[in-house]
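In: got a predicted structure here, sequence first:
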2 protein chains.
Amino acid sequence: MPKISHKGNLMPESPIRKLVPYAEKAKNNGIEVIHLNIGQPDIKTPKVAIQAIKKFDNKIISYSHSAGNLSFRKKLSTYYQKNNIKVNYDDILVTTGGSEALSFTLNCIADNGDEIIIPEPFYANYNGFSISSGLKIIPISSDIKNGFALPKISEFKKKITSNTKAILICNPGNPTGYLYSYEELVELKKIVLKYDLFLISDEVYREFTYDSKKHHSILQLDGLSQNTIMIDSVSKRYSMCGARIGSIVSKNKKIISTALKFSQSRLSPPSFGQIAAEAALDVADNYLTEVVIEYENRRNLLIRELNKIDDIICPKPLGAFYCIAELPVNDSEDFAKWLLESFQINNKTLMIAPAEGFYSSKGFGKNQIRIAYVLNENELKDAILILKNGLNEYKKITNNE
Amino acid sequence: MPKISHKGNLMPESPIRKLVPYAEKAKNNGIEVIHLNIGQPDIKTPKVAIQAIKKFDNKIISYSHSAGNLSFRKKLSTYYQKNNIKVNYDDILVTTGGSEALSFTLNCIADNGDEIIIPEPFYANYNGFSISSGLKIIPISSDIKNGFALPKISEFKKKITSNTKAILICNPGNPTGYLYSYEELVELKKIVLKYDLFLISDEVYREFTYDSKKHHSILQLDGLSQNTIMIDSVSKRYSMCGARIGSIVSKNKKIISTALKFSQSRLSPPSFGQIAAEAALDVADNYLTEVVIEYENRRNLLIRELNKIDDIICPKPLGAFYCIAELPVNDSEDFAKWLLESFQINNKTLMIAPAEGFYSSKGFGKNQIRIAYVLNENELKDAILILKNGLNEYKKITNNE
């Protein structure tokens, strides 16, 4: 039998999804599983997006332009301009989700064996995209005790080699909820200019910032237009993950024309998703305002209650809808399995995402979990109760071993 | 300014789309352009597919399973079984078009620098997918004078090295319309077993065969289940290219589990496309029967009329909706530009796809074009008249130079 490729073997299983069989077994046993593990928002998609789909009245579901529908790109540029990100429609390529935006971007800037620096913990699928593209991720560890602040410039300088092509950040961050300050972005600007690197920023959670904090895009940095590439998606903003619509945004014309060649090779992004995403831009301003208030309330509840539990460390996230919590366990994956297999309160249990898969450095994050607060407050309360009592029970068992 | 990657520079521009600016200029000058250059069918999508989209009544457009919706995979397996391709739902992964199916497959079986053998001319985007994945295409030329039959086994043997991972065919073929006989597939089976290679077959035009010829899938070959991977898509079958739904089908469990890891990294295929594609499987059998009759009639007209033109060679395709024609010109790209810029009949001109981009061997196909017969018979007649008279006029001009 012919062999699977090296990169195929290297590809990680999704750390978010690999506990799924345990959850399915619990469900088959009649247990309700509360999911803190996956970033599928429970917020309703804007009605105007779904209505636009229902109004589809062509006789043929045909290809769109490889760069995306022109009307959508023009409307997107207006949306960005409203957010003080000054781009035109031809600085934007529509992609099949943020995933494809990132894959194309990596292919545009790096070849097999090249390196890309990413502060860890980072969105686990960056591993997969890098392996697909033959790149090597060079992690720079940010520390839970510092609230996952940007590591010092000196740390970056230590990691830069002749193979380094880019620094990639996620802002606000998945899985940390960290929001980069303007000063931190300026620090990054200095590094990328000094070493002639690209700066890639995944900004799909742009609107989700709390405590009246402001999001800063890398596209707002002066004098950096040839180095910056922004990754975006409508998945989280409008709670429409299944539309599979994202974008690459850059003032660097060579990046856009190269990414367009990758876009042409896969013909076009999904037609229906584009229709829905374009219509979503018409939603009233208070849609996002209300969503942000809802997430902020959940965050407040979650962080307050988590920090009441003994020996849990959980910095307060300023954006997105995730946090990383350090638990008083040796191995959070074992604990996650144990919860699904052996622990319930009122016939409910909990699914959490072990954080190890969000790190690239071996052994890091082993006692941490990622929590996605995409549940209403009542469910969150139940989840925290299960976590708290589960930890107590688990401590007794493991101490007796 | 940081540099674009080597692979980004290598990526070809779409040979189908690169004449677009010339066509746009003609249109801006009020000239009607008949498109023989692009494989966007003019046939109507089954109504049942579009109706299913209009019935969408969830409040959230959420992720689907990374492998695709279970109900769709189950229904797809029934469709394949009806076509005498014996697969279960867990032999199928739903992808974002046939494009992603092929990208994932190449990533599963080959690493940077590995080689894949493809009979040429081949679907031009195979070049793009190979460059993205860091692979090298080793072409084996099939000859227009043989009607693009499978090259002799001895030709394959000459090309196989220790880096060869797979042979890729498209059956029925884009751009040739060639339909592989059962005997030819058995020849390929012998080679892949002898050299322990994968055999990948792009079978997206399965139903479109003419003169009562039968399509044979590589998944019907005995004793080859661990070597075969089939690429499929609903784009052409149901005239729904914009849905962006394809599939990887293989009995090799390791291929499916590896491709699933790539699938997980991009989260899920488009939700609306899957709904439409699943519903399309409910269309009455006579939908496809009528589509095939329509394409066969167009093919008959096209080939008959083309072969009446002096010095054109055009073998009769037995499948798909393309043919390759050799023209009495030195450079079909020059001729294609000239048609768009300088030739009209009744204020109409013609857009053809130069065939050079469908070859990997340098300089091959320079006097050939690919024609997609996705136009009704009246438009086809107009197109052939323009081609015939255009060639006459062009001959006079070039002889006088």
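Out: Received it, and whenever you're ready, just let me know what you need.
In: check contacts around A:Ser265.
Out: Under the criterion of C-beta atoms under 8 Å, 6 or more residues apart in numbering or on different chains, the contact partners of A:Ser265 comprise B:Met11, B:Ser14, B:Ser99, B:Asn125, B:Asn127, B:Gly128, B:Phe129, B:Ser132. Just so you know, the C-beta spots here come from the backbone N, C-alpha and C atoms, and that holds for glycine as well.
In: could you flag which of those residues are buried?
Out: Burial by neighbour count, 16 or more other C-beta atoms under 10 Å in any protein chain shown: within these this picks out B:Met11, B:Ser14, B:Ser99, B:Asn125, B:Asn127, B:Gly128, B:Phe129, B:Ser132.
In: re earlier: next step: the contacts of A:Ser265 restricted to helices.
Out: Among the contacts of A:Ser265, the residues falling in helices (DSSP state H) are B:Ser99, B:Asn125, B:Asn127, B:Gly128, B:Phe129, B:Ser132.
In: when you check chain A, which of those residues turn up near it?
Out: Restricting the ones in helices among the contacts of A:Ser265 to those adjacent to chain A (criterion: C-beta under 8 Å from any C-beta of the partner chain) gives B:Ser99, B:Asn125, B:Asn127, B:Gly128, B:Phe129, B:Ser132.
In: returning to that earlier point: can I get the ones in helices among the contacts of A:Ser265 in a markdown table with pLDDT?
Out: As requested, the ones in helices among the contacts of A:Ser265 are exported to a markdown table (pLDDT from 0 to 100):
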| residue | pLDDT |
| --- | --- |
| B:Ser99 | 97 |
| B:Asn125 | 93 |
| B:Asn127 | 94 |
| B:Gly128 | 93 |
| B:Phe129 | 95 |
| B:Ser132 | 93 |
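In: farthest-separated two in the residues you listed?
Out: B:Ser99 and B:Asn127 (12.5 Å; C-beta to C-beta).
In: can you tell me which of the ones in helices among the contacts of A:Ser265 is nearest chain A?
Out: Sorting the ones in helices among the contacts of A:Ser265 by how near they are to chain A, with C-beta to the nearest C-beta, puts B:Gly128 at the top with 2.9 Å.
In: which residue, other than its chain neighbours, is closest to the closest one?
Out: In space, not counting the residues next to it along the chain, B:Gly128 is nearest to A:Ser265; the distance is 2.9 Å by C-beta to C-beta, 6 or more residues apart in numbering or on different chains.
In: quick one: the residue of the stretch 1-150 of chain A found nearest chain B from B:Tyr22, how far?
Out: With C-beta to the nearest C-beta, the shortest gap between the stretch 1-150 of chain A and chain B falls at A:Gly128, namely 2.9 Å. Taking C-beta to C-beta, to the nearest Å as the measure, A:Gly128 and B:Tyr22 are separated by 40 Å.
In: quick one on the thing from earlier: surely the residue of the stretch 1-150 of chain A closest to chain B meets B:Lys261?
Out: Yes. The criterion here is C-beta atoms under 8 Å, and A:Gly128 meets it with B:Lys261 at 7.1 Å.
In: where along the stretch 251-400 of chain A do the strands fall?
Out: Taking DSSP state E, counting those that start in this stretch as the criterion, the stretch 251-400 of chain A contains strands spanning A:322-326, A:348-351, A:353-354, A:368-372.
In: just those: most buried one?
Out: The highest average neighbour count among the strands of the stretch 251-400 of chain A, using mean count of other C-beta atoms under 10 Å in any protein chain shown, belongs to strand A:353-354 at a mean of 28.
In: phi, psi of A:Asn171?
Out: Torsion angles at A:Asn171 (phi, psi; degrees, to the nearest 10) stand at phi -150, psi 110.
In: what sits against the residue of the stretch 1-150 of chain A closest to chain B?
Out: Residues counted as contacts of A:Gly128 (C-beta under 8 Å, 6+ apart) are A:Met11, A:Pro12, B:Lys261, B:Phe262, B:Gln264, B:Ser265, B:Arg266.
In: any of those buried? List them.
Out: A:Met11, B:Lys261, B:Phe262, B:Gln264, B:Ser265, B:Arg266.
In: roughly how far does the residue nearest to A:Lys136 when sequence neighbours are not counted sit from A:Ala166?
Out: For A:Lys136, the nearest residue in space outside its immediate sequence neighbours is A:Glu115; the separation is 4.9 Å by C-beta to C-beta, 6+ apart. Remark: distance between A:Glu115 and A:Ala166 (C-beta to C-beta) = 9 Å.
In: and those two? Which one has more around it.
Out: A:Ala166 (22 against 18; other C-beta atoms under 10 Å in any protein chain shown).
In: tell me the pLDDT of that one.
Out: Predicted confidence (pLDDT) at A:Ala166: the value is 98.
In: doesn't A:Cys108 make contact with it?
Out: No. Contact between A:Ala166 and A:Cys108 fails when scored by C-beta under 8 Å: they sit 10.1 Å apart.
In: and the angle for the longest helix seen in chain A with strand A:322-326?
Out: Using DSSP H, we find that the single longest helix of chain A is helix A:377-400. Our comparison of helix A:377-400 with strand A:322-326, counting by axes from the mean of the first three to the mean of the last three C-alpha atoms, to 10 degrees, yields an angle of 20 degrees.
In: chain center to helix A:377-400, what's the gap?
Out: Computed by C-alpha atoms, centre = their mean, to the nearest Å, the separation of helix A:377-400 from the middle of its chain amounts to 26 Å.
In: other SSEs contacting it?
Out: Contacts of helix A:377-400 with other secondary structure elements, assessed using 3 or more C-beta pairs under 8 Å, 6 or more residues apart in numbering or on different chains; DSSP states H and E, are made with strand A:32-35, helix A:285-306, helix A:332-342, strand A:348-351.
In: each with direction, which strands does the first one pair with?
Out: Paired strands of strand A:32-35, with direction, are strand A:348-351 (parallel) (DSSP bridges).
In: centre of the chain to the partner strand, how far?
Out: Distance of strand A:348-351 from the chain centroid (C-alpha atoms, centre = their mean) equals 23 Å.
In: export it as CSV, just CAs?
Out: Included here for strand A:348-351 are C-alpha records, laid out as CSV according to Å, rounded to 0.1, in the frame of the first residue of the first chain:
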residue,chain,number,x,y,z
LYS,A,348,-25.2,17.2,33.2
THR,A,349,-21.5,17.2,32.4
LEU,A,350,-19.0,19.5,30.8
MET,A,351,-16.8,19.5,27.7
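In: assign a three-state SS to the spatially closest residue to A:Ser133 that is not a sequence neighbour, would you?
Out: With C-beta to C-beta, 6+ apart as the measure, A:Leu106 is the residue that lies nearest to A:Ser133, at 4.4 Å, once sequence neighbours are left out. Three states are possible here, and by DSSP: H, G, I helix; E, B strand; the rest coil the one that applies to A:Leu106 is helix.
In: quick one, domains of chain A?
Out: Residue ranges of the domains in chain A are recorded as A:6-44+A:286-400, A:47-280, according to automatic domain parsing.
In: would you mind finding the most buried of those domains?
Out: Each of the domains of chain A was given a mean neighbour count from mean count of other C-beta under 10 Å, and the largest, a mean of 21, is that of domain A:47-280.
In: center of chain A - which residue?
Out: Nearest residue to the geometric centre of chain A (C-alpha atoms, centre = their mean): A:Asn174, 4.2 Å.
In: what residues are up against that one?
Out: Contact partners of A:Asn174, counting by C-beta under 8 Å, 6+ apart, are A:Gly39, A:Tyr123, A:Asp202, A:Tyr205, A:Ala320, A:Tyr322.
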